[in-house]
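> Got a predicted model here, sequence first, then my questions.
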Amino acid sequence: MPNAVKDHLQPGLFQYISRLSGNILSFRCFGIHNQFNKIPQPFHAKQAQDGLNIGNFFLQTDLHPGTKMMLQLPQSTNEGMFLPCQVADSISFSSKKLPKILNRLSVKEKSAEAELMKKEIEECEEAAMDGESRFCATSLESLIDFSTSKLGRNVNVLTNEVKTGSQEYEFGVGMKKVADKSVVCHKMNYPYAVFYCHTFTKTRTYMIPLVGADGSKAKAMAACHSDTSAWHPQHVAFQVLKIKPGTVAVYHFLHKNAMVWIPK
């Protein structure tokens, strides 16, 4: 099982992936111990919001060895783990049922934690952009189901191999396009692991070798959106790159906790 997935499983939670010729055929829970029916403690209000740093956007003209960029990849403080599928399915995930959710997870109403949870749920309920399919996965099973429904049963999952922190990186030799279609899943701030997964039309995924100012070597995942005409005119990418919607392709590095699912 890839570390990108394993790192979000609770210790002692056994999962089973049946495979045939490399295809993911099914994913189901078994051997669940009683202690995993308990809901994790609420997270801290000061958890950092994972997301894109404004310095992580670039253009196609930058996609060559020798380009230098200052990348900021903060260490996530969101350590929420996936719940067993039976438990996750028993908990509502709807803004209309927020009081019930807060009570179930022992979070006080009107607290900072409650407000953050409300915002995350509402983000999941927003309408998709043109060309986008989205889904918020509250369990590993639902995350895999969504990914394979978009990409087929034969998939790989990739993540960044970059140290956290901030430093200047130089693009190395060997960058390559790894997929013309992908499902990208971003970890949200929630008491347990919830991933915002989406796929866009006209979006490519690249693996870019990097060499840090400290001499460290890394590989980073980047997305290329060739059609940004449906994006909000005030999107930070347009401000940083000084371009307008729909004019040129926008590239950006994915944050540390992102999972990128691609067809094999």
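Nice, I can see it.

> For the nearest residue to L158 once chain neighbours are set aside, name its beta-bridge partners.
Sequence neighbours aside, V260 is the residue nearest to L158 in space, at 4.5 Å (criterion: Cβ to Cβ, 6 or more residues apart in numbering). Quick note: C-beta positions are derived from backbone N, CA and C, even for glycine. Beta-bridge partners of V260, counted by DSSP bridges, are L158, V184.

> V260 contacts L151, doesn't it?
No: checked against Cβ atoms under 8 Å, the pair V260 and L151 is beyond contact range at 10.8 Å.

> list residues touching both of these two?
182-183 (Cβ atoms under 8 Å, 6 or more residues apart in numbering).

> more crowded one of the two?
V260 (23 against 19; other Cβ atoms under 10 Å).

> Let me know the pLDDT of the more buried one.
If you check V260, the pLDDT there is 94.

> mind listing what it touches?
157-159, 179, 182-185, 205, 221, 254.

> Out of those residues, grab the one that's most surrounded.
Of these, with other Cβ under 10 Å as the count, V183 tops at 28 neighbours.

> Please list all residues in contact with that residue.
146-147, 150-151, 197-199, 260-261.

> Closest to E109 out of the residues you listed?
C197 (28.6 Å; Cβ to Cβ).

> Who are the contact partners of that closest one?
Contacts of C197 by Cβ under 8 Å, 6+ apart are 134-137, 143, 146-147, 183-186.

> which SS state does it fall under?
strand (DSSP: H, G, I helix; E, B strand; the rest coil).

> Quick check: closest non-adjacent residue to it.
C185 (4.1 Å).

> is it true that the one you found touches L140?
No: applying Cβ under 8 Å as the test, C185 and L140 come out as separate, 10.4 Å apart.

> From the centre of the chain outward, give me the first residue you hit.
With distances taken as Cα atoms, centre = their mean, H186 lies nearest the centre of the chain, 1.7 Å away.
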